[in-house]
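Novice: I need the structure of the sequence given here:
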Amino acid sequence: PYVSYFYDFRKNAVPCPPPYLPDYTITGVDLGVGPFSHPQDFHIGPDENFYIVDTNNNRIVVTDKEWNVIRIITTFKTQTGEEDSLYNPYGVFVNEQGNIYIADYGNQRAVVLDPDLNLIMQITQKDVEKDIGNEFKVSKIVADKSGRIYLIAEGIMDGVMEFYSDGYFSGFIGANRVTPNIAEYF
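Specialist: As a prediction, this is how the structure comes out:
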């Protein structure tokens, strides 16, 4: 139903069989929440609910596996009881306890919410113990079973940022340092 390709080592597009074939599509209109605008991520939680990051609408749409809307996350309560909003979220992850990890790209932070949408923790640029530039635009987030948080942020080439469960910066993982010689430059 569509043309599929990959890139070879010379960066040429090479035709290939489609890696998957969609059965159907779901839109925000189909769900009754209005059109999606630039959705960036999709996560199936341990509760088997679907979490759809609708980036330009500043929300996360949560549905059950029959695509019935359960809730729409646009705001949450801070530790002082004030209401705070998402702004261009890019990523979402839900752990076994139901805590919701959100890459809040537009607000330059990552937030961790409990199942009742109360803020547990937020991670901002000041939590990273390295000069990473002026912006902290978190695009993807995930946590492991021990609670460590892994973030990918735009423009940070040192690797995936790792934080302990209390939000303390552990370091970068996954990036290899490349030191080209003079011949490789040419």
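
Novice: in the chain, which residue is most central in space?
Specialist: residue 91 (1.9 Å; C-alpha atoms, centre = their mean).

Novice: surely it touches residue 51?
Specialist: No. In this structure, residue 91 is not within contact of residue 51 by C-beta atoms under 8 Å, at 9.9 Å. In this view, the C-beta of every residue, glycine as well, is placed from N, C-alpha and C.

Novice: which residues do the two both contact?
Specialist: Contact criterion C-beta atoms under 8 Å, 6 or more residues apart in numbering; residues shared by residue 91 and residue 51: residue 41.

Novice: related to what we said a few turns ago, and the pLDDT at the residue nearest to the centre of the chain?
Specialist: Looking at residue 91, its pLDDT reads 98.

Novice: residue contacts, the nearest residue to it once chain neighbours are set aside?
Specialist: Spatial nearest neighbour of residue 91, chain neighbours left out: residue 103 (3.5 Å); criterion: C-beta to C-beta, 6 or more residues apart in numbering. Taking C-beta under 8 Å, 6+ apart as the criterion, residue 103 is in contact with 41, 89, 90, 91, 92, 110, 138, 139, 140, 141, 151, 152.

Novice: who does residue 103 bridge with?
Specialist: residue 91, residue 110 (DSSP bridges).

Novice: distance of it relative to residue 64?
Specialist: To residue 64, residue 103 is 23 Å away according to C-beta to C-beta, to the nearest Å.

Novice: using CSV, write out every CA atom in stretch 96-106.
Specialist: Extracted in CSV, the C-alpha atoms of stretch 96-106 (Å, rounded to 0.1, in the frame of the first residue of the first chain):
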residue,chain,number,x,y,z
GLU,A,96,4.4,-0.6,37.1
GLN,A,97,3.2,1.7,39.9
GLY,A,98,1.3,3.9,37.5
ASN,A,99,3.7,6.8,37.8
ILE,A,100,3.7,8.9,34.6
TYR,A,101,7.0,10.2,33.2
ILE,A,102,6.6,13.0,30.7
ALA,A,103,9.2,14.7,28.5
ASP,A,104,7.9,18.2,28.7
TYR,A,105,9.8,19.6,25.7
GLY,A,106,8.4,23.1,25.6
